[in-house]
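J.: Quick one, what's the 3D model for this:
(one chain, ligands or ions: 2)
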Amino acid sequence: MIRHQKRLKRIALQTLKKYGEKKLPINVKRLSEKMNIPVIAYQKMSNIQKELYIDKISNPAITVCSGTIHTIYYDPARSDCDQWIAHELAHIILGHESDNEENEKAANFFAHYLRYRESHIKQYLAALLAGVAIGCAIGLFCTINSNSNNKDDVETVYITPSGEKYHASKSCAGLNAVVIPLDIAQKLQKSPCLVCVD
Ligand SMILES: [Zn+2]
Ligand SMILES: [Zn+2]
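T.: Residues are numbered from 1 along each chain as shown. Ligands and ions are numbered 1, 2, ... in the order given. From the prediction side, this is the model:
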């Protein structure tokens, strides 16, 4: 259970409005830049920093604070690095001071909402179901893939408009199944098919 969802959504929307980043695809790196939060790949850390954060840089992204200045460092090799940068941004925006479970859940929720908002997901899905090419509709898929050289990096599943489950197998999903990224299926509250998803 994620607490204070309404509040998290409101803050996410306020942030996007404040920094003029309302149009999809949300560019999280540009948003960070506008917030004066540098986003830097782990490789570009100085040797001293690398030593200092050696046990942390196995994480997809971390935030380093010095006084009131935050810097996000991230692993650019990950196809989902934008989500993790958004996750770190969420911690900063929400003023989290520790990584307890509630803060982690809130940061994940906030990051997802910041990037995808339900209304856009519904639009995307409607366009997809209407046969519009992936990526043309509102660029949502492009967001997911923007930092990935390999489209196969994005885990995809099959859903149908009326089905409550998402499937690994197209034939199990049914005739009018469409393929969408797994995280969007989850955002649409679909649950894994017990037959074909392990
Ligand atoms: Zn976190
Ligand atoms: Zn299935």
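
J.: Just checking, which helix or strand of this protein averages the lowest pLDDT?
T.: helix 140-145 (a mean of 41; mean pLDDT, DSSP states H and E).

J.: State the phi and psi torsions of Lys56.
T.: phi -110, psi -20 (degrees, to the nearest 10).

J.: and the closest residue in space to it that isn't next to it in sequence, helix, strand or coil?
T.: Leaving aside its sequence neighbours, Lys56 sits nearest to Ile62 (Cβ to Cβ, 6 or more residues apart in numbering; 5.0 Å). (Each C-beta comes from the backbone N, C-alpha and C, glycine too.) Following DSSP: H, G, I helix; E, B strand; the rest coil, the label given to Ile62 is strand.

J.: Identify the bridge partners of Val179.
T.: Tyr158 (DSSP bridges).

J.: how close does the most centrally placed residue in the chain get to ligand 2?
T.: The chain has Gln83 as the residue nearest its centroid, 3.2 Å off, counting by Cα atoms, centre = their mean. As judged by Cβ to the ion, to the nearest Å, Gln83 and ligand 2 stand 25 Å apart.

J.: contacting residues around that residue?
T.: The contact partners of Gln83, taken as Cβ atoms under 8 Å, 6 or more residues apart in numbering, are Ala111, His112, Arg115, Asp183.

J.: can you confirm it is in a helix?
T.: Yes: the assignment for Gln83 by three-state DSSP puts it in a helix.

J.: pLDDT at it, what is it?
T.: On pLDDT, Gln83 comes in at 90.

J.: what's the distance between it and Gln5?
T.: Distance, Gln83 to Gln5, by Cβ to Cβ, to the nearest Å: 18 Å.

J.: got it, and Ala12?
T.: 10 Å.

J.: Which one of those two is surrounded by more residues?
T.: Ala12 (24 against 13; other Cβ atoms under 10 Å).

J.: Could you confirm that one falls within a helix?
T.: Yes: using three-state DSSP, the assignment for Ala12 is a helix.

J.: Thought Arg115 was touching it, still the case?
T.: No: between Ala12 and Arg115 there is no contact under Cβ atoms under 8 Å: 9.0 Å.

J.: what residue ranges in this protein score low on pLDDT?
T.: 24-25, 118-154 (pLDDT under 70).

J.: Distance check, the residue in the chain sticking out farthest from the centre against Glu88.
T.: The outermost residue of the chain relative to its centre, with distances by Cα atoms, centre = their mean, is Ile48 at 30.1 Å. According to Cβ to Cβ, Ile48 and Glu88 sit 21 Å apart.

J.: so what's the nearest residue to Tyr113 once chain neighbours are set aside up against?
T.: Among residues not flanking Tyr113 along the chain, Ala12 sits closest, at 4.8 Å (Cβ to Cβ, 6+ apart). By Cβ under 8 Å, 6+ apart, Ala12 lies in contact with Phe110, Tyr113, Leu114, Arg117.

J.: Kind regards, and thank you for your time.
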